[in-house]
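Asker: Below are the sequence and a predicted model for it; my questions follow.
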There are 2 protein chains.
Amino acid sequence: MGQVCAMYGVPGTMAKPRINTMKELSETIGVSRPTLSRYFRDPSAVRPSTSKKIQERLSEVDYVYNFLTTRQNRKSTELIGVIVPSYKDLFFASLIESIEQSARDLGYTIITQSSNGDTGVEANAVRKLRSMSVDGAIVAPIGVGADHDAFAAASEDFPLVFVDSRPVRSMLVADFVGTDNTQSIGAIVEYLCRTGDPPVFLGMPHLNANAEEREHAYRAKMLELNHDAKAIEPAVAGGSWEFEAFGYAVMDDCFGRREFTNSTILCANDRIAIGAIRAANKHGLFSRGGIAGGGLRIAGHDDHPLSQYMFPALTTVAQDVEGIADAAIQLLAQRARGGRSTETVEVFLNAAMMPRESA
Amino acid sequence: MGQVCAMYGVPGTMAKPRINTMKELSETIGVSRPTLSRYFRDPSAVRPSTSKKIQERLSEVDYVYNFLTTRQNRKSTELIGVIVPSYKDLFFASLIESIEQSARDLGYTIITQSSNGDTGVEANAVRKLRSMSVDGAIVAPIGVGADHDAFAAASEDFPLVFVDSRPVRSMLVADFVGTDNTQSIGAIVEYLCRTGDPPVFLGMPHLNANAEEREHAYRAKMLELNHDAKAIEPAVAGGSWEFEAFGYAVMDDCFGRREFTNSTILCANDRIAIGAIRAANKHGLFSRGGIAGGGLRIAGHDDHPLSQYMFPALTTVAQDVEGIADAAIQLLAQRARGGRSTETVEVFLNAAMMPRESA
DNA sequence: GTCATATTTTTACGCGCGTCAAAATCATGA
DNA sequence: TCATGATTTTGACGCGCGTAAAAATATGAC
């Protein structure tokens, strides 16, 4: 205690007496341990006068309940696992932030892990969640090559909801919450066709289901609008999650050959579009005036937080990240409360057009 | 079991028999529970033949040890808490990714939380780490208005190492790992002076210690090089962590008044620089040629993952994120092993010049 | 085959708290 | 003041595993 003051040197700061166990606390506070236990679980579960008394004494001491131990015997740990392919992707970062927010509101604690785009790491992360007895998990899957057994085993233990992209076919049937690619891609294709040349499509590396789904949605919408669909064939390998580098490399190559320099290019996501814009700027395709000078237009998908700071500002469709996070948490909470036996749920949210400068 | 196959529909997938407790496992595997316990702690702590036997049988069953329970009685939980102000900042995202990596290598599990730039949330996060009995915590502090008591109490329980920015003065004495702002800012100021006009400084909102430190380092270096230091006075309030918006607003305002349009501007971090570049582009200050046309130059600090995709590509200094993460984890591991009593350690790493197009 | 040493098994207790049942105490209204 | 339902206290057991000590067994050199 004296140490504290000496160490922090802030006058007036008096360290409260440290209490380590609930038993100890019950003695210094003057109520029985079971009553305390009930209080912590739900303050209104004890008589108001008792509740008030505990609350007051509690503020005078330094006691933190043991998280690990309390979770050990409860039927519910109130832990929710989250697995994303990468932290260094602002879309996932936004998602995690929203998930943490929604979870906090419901009293859940989030355990976040990155799979680093590696199926082995992803499987280990799932296993760790199992060993932590989480009440549920939200997974933005890698997709290709996922460890089926790990997920299957996990889904025996707790509800699993996939977000962002659906697990590849035949993996397992599980809940899903994400953007309706048909709607989102449809909206931006419609916008692009209405405001200029019909777009060609620059896909993303086939790392997850969105790659296929978005290209498919693009083709469908183009067909509906009576335009020829055309996807740019990447001249570079795209096996990694470095989307900007991918978009840049592919378009730098095209523009170098003077291909697509006057086209409208719809990219499968904003990160690819950011790379493509960089390539376009390098080749001077956007240099006249602030807005697109020639016929070149580039559009994206997601509404990445930095898209509006690109030059030109990226026209895109905004995924409802908060909506996805909230729906996922709600779904898990519901399942955890007993709804395990219901049918698989798939929630598709709409995305909103964000017309800006680039298209 | 039959359920599994039916549910996942993958032929050939046989669910392994599920084992729930270690006692149960010891029976089906044919060794005593204490021996198993020792094996899980360190496979080489048992006789090779026993180790091999356990390993083999283990692969035939589905057993995951109970994470919560195992941590309960160990002297060490092998949990490390991480608190950052925001996930939606690629610098912190990179940091978390590196920390998770380094931690994994040493067998630690990371508990990440975002303080959302809110001191109340930050204090709660610290409290939660206390209740989880973490072995240590890595905190990128908010700085202003931090809850002293929460940190003081926490540092009584486990070693705390601050990263990125030092806690504001008089908060508490604790370990720190981060970039040597004097070196990093010095390097880029030197570079800028050598290659063009001496820079003016666009600071960051005073949310943490880096704000002051970097401006101070800038002034010191300018003095050393016999140049007049000058900081841009933000015409807008900058109380949030939306750095791009801040940089954009401040410079849009300046450029609108035709101020600093031919200057060299050193931004306190890349996110501010990204906003500033956007403003410059909006005002057509970068439009001639691919590279800076007029005299305007903009530089940043950090080497944000997207800096190279800006147009023009941002000249900056790269923080050694991996080095910071690794040093922080190492420091914590060392403290956890008993080095609690040693003196406070401050590790300053160097940053590397990343000359690109913008300056 | 024998003995000293290395491992494993037995046995038992503890961690901090959830939880249950029975006994004791409190609150309230007649 | 007493009855009675609501709360709290007592006392006790369990969770899954860490861990320590003593007894039993396996290993390896001779």
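Answerer: Cool, the structure landed.

Asker: When you work out contacts or count neighbours from here on, use the C-alpha atoms and nothing else.
Answerer: OK.

Asker: Could you pull out the helices in chain A for me?
Answerer: Secondary structure of chain A (DSSP state H): helices at A:2-8, A:22-29, A:33-41, A:48-59, A:67-73, A:90-105, A:119-131, A:148-157, A:181-195, A:209-224, A:243-256, A:270-282, A:321-336.

Asker: Just to check, residue A:185 is in contact with residue A:218?
Answerer: Yes. Taking contact to mean CA atoms under 8 Å, the distance of 6.1 Å between residue A:185 and residue A:218 places them in contact.

Asker: okay, the helices of chain A, which one's buried deepest?
Answerer: Mean neighbour count (mean count of other CA atoms under 10 Å in any protein chain shown) peaks for helix A:270-282 among the helices of chain A, with a mean of 28.

Asker: Identify the residue nearest residue A:326 in space, chain neighbours excluded?
Answerer: Closest residue to residue A:326 apart from its sequence neighbours, by CA to CA, 6 or more residues apart in numbering or on different chains: residue A:102 at 5.8 Å.

Asker: wait, what's in contact with that neighbour?
Answerer: By CA atoms under 8 Å, 6 or more residues apart in numbering or on different chains, the contact set of residue A:102 is A:325, A:326, A:329.

Asker: contacting residues around residue A:311?
Answerer: Neighbours of residue A:311 in contact, by CA under 8 Å, 6+ apart: A:277, A:290, A:358, B:278, B:281, B:310, B:311.

Asker: Sorry, wrong one. I was asking about residue A:183.
Answerer: A:350, A:351.

Asker: Nearest to DNA strand D: which residue in the stretch 101-250 of chain A?
Answerer: Nearest residue of the stretch 101-250 of chain A to DNA strand D: residue A:131, at 8.7 Å (CA to the nearest atom of the strand).

Asker: how close does residue A:101 sit to residue B:321?
Answerer: 27 Å (CA to CA, to the nearest Å).

Asker: Kindly apply the preceding question to residue A:56 instead.
Answerer: Here the criterion is CA to CA. By it, residue A:56 lies 45 Å from residue B:321.

Asker: Please report how far residue A:237 lies from residue B:186.
Answerer: Distance, residue A:237 to residue B:186, using CA to CA: 40 Å.

Asker: just the contacts of residue A:311: which has the poorest pLDDT?
Answerer: Among the contacts of residue A:311, residue A:290 has the lowest pLDDT, at 43.

Asker: Report the contact partners of the most centrally placed residue in chain A.
Answerer: Geometric centre of chain A, nearest residue: residue A:95, 3.1 Å, by CA atoms, centre = their mean. Residue A:95 makes contacts with A:321, A:322, A:324, A:325, as judged by CA under 8 Å, 6+ apart.

Asker: what about 6 Å?
Answerer: Taking CA atoms under 6 Å, 6 or more residues apart in numbering or on different chains, we find residue A:95 in contact with residue A:321.

Asker: Per-residue pLDDT of it, please?
Answerer: With respect to pLDDT, residue A:95 has a value of 97.

Asker: now do residue A:38
Answerer: For residue A:38, the predicted pLDDT is 89.

Asker: cool, the one 5 residues further on as well?
Answerer: At residue A:43, the model reports a pLDDT of 85.

Asker: what does residue A:171 give?
Answerer: For residue A:171, the model assigns a pLDDT of 56.

Asker: From DNA strand D, how far off is the residue nearest to the centre of chain A?
Answerer: 33 Å (CA to the nearest atom of the strand, to the nearest Å).

Asker: nearest spatial neighbour of the residue of the stretch 251-359 of chain A found nearest DNA strand D, skipping sequence neighbours?
Answerer: DNA strand D sits closest to residue A:336 of the stretch 251-359 of chain A, with a gap of 18.2 Å, by CA to the nearest atom of the strand. Counting by CA to CA, 6+ apart, residue A:336 lies nearest to residue A:135, which is 6.4 Å off, once chain neighbours are set aside.
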